[in-house]
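Q: structure here, sequence nowhere to be found:
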């Protein structure tokens, strides 16, 4: 009997900002040598680490308890780890930190000294010489979870060598910070309107995987980032979507629940 890999818990975030022609989402290109979707454009994110669920990391959470997070994600417990992982990965991969002080006041990148210090922290974290929790403690910061909205739940289908059980979130990008890829796991970054990203994919110019495409399609019709956040916050039941990979007449297709042939 074929061994079926258990999906690893993961979290990713559609980071939004408003532009002159509509809202944009931050996308990063995976390193071409990556063993998972190398070369594809994705949203910042990654696996939920054991440290994300530990007391030190959970202590950093501002504005949301584990009980509230778990209820939102339809889990018995441990939901807060996904929120922590989401914002940790956003900082590590894209250099954006959604944080506040103990009073809930936003943390600002408001001087060259702060920008330089935080860039050094990021290099140390990505180089494994500093932990994310250690950095947050040094800066007396908490992760601001008040603006993070849960959007979707996708599971990698059976077949690929790596599988993830991924929660998708949306958040506004901090206004005074500049996103930049990490030049390791990711090799390029761009802000792009969802409609333009989808059109570029159709032209073969932007490689994307199925869940990325579907999430862009779900929000492309909105006119502002605030509308996207309002939509995500209005969702009351978010289904777990695990596609199936099937071959029809020699053509590989990806089916999701509701598609013809999914239950065959």
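A: Looks like it arrived, so ask away. On a predicted model such as this, the values are computed, not experimentally measured, just so you know.
Q: from here on, just use CA atoms for contacts and neighbour counts.
A: Noted.
Q: mind listing the strands for the stretch 51-200 of the chain?
A: 61-62, 99-100, 142-144, 149-155, 164-172, 186-192 (DSSP state E, counting those that start in this stretch).
Q: a markdown table for these, including distance to residue 23, mean neighbour count and mean pLDDT?
A: Shown next, in a markdown table, are the strands of the stretch 51-200 of the chain (distance: least, CA to CA, whole Å; neighbours: other CA atoms under 10 Å; pLDDT from 0 to 100):
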| stretch | distance to residue 23 | mean neighbour count | mean pLDDT |
| --- | --- | --- | --- |
| strand 61-62 | 26 | 20 | 95 |
| strand 99-100 | 22 | 22 | 96 |
| strand 142-144 | 22 | 26 | 97 |
| strand 149-155 | 17 | 22 | 97 |
| strand 164-172 | 10 | 22 | 97 |
| strand 186-192 | 8 | 19 | 95 |
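Q: residue 6: which of those strands is closest?
A: Residue 6 sits nearest to strand 164-172 of all those, at 8.1 Å, using CA to CA.
Q: paired strands for the closest one, with orientation please.
A: Here strand 164-172 has these sheet partners by DSSP bridges: strand 8-19 (parallel), strand 149-155 (antiparallel).
Q: contact partners for residue 88?
A: 97, 132 (CA atoms under 8 Å, 6 or more residues apart in numbering).
Q: per-residue pLDDT of it, please?
A: Residue 88 is assigned a predicted lDDT (pLDDT) of 97.
Q: distance of the closest residue to residue 125 other than its chain neighbours from residue 118?
A: In this structure, residue 125 finds its nearest non-sequential neighbour in residue 131, 5.6 Å apart by CA to CA, 6 or more residues apart in numbering. Applying CA to CA, to the nearest Å, the value for residue 131 to residue 118 is 13 Å.
Q: with residue 103 instead?
A: 21 Å.
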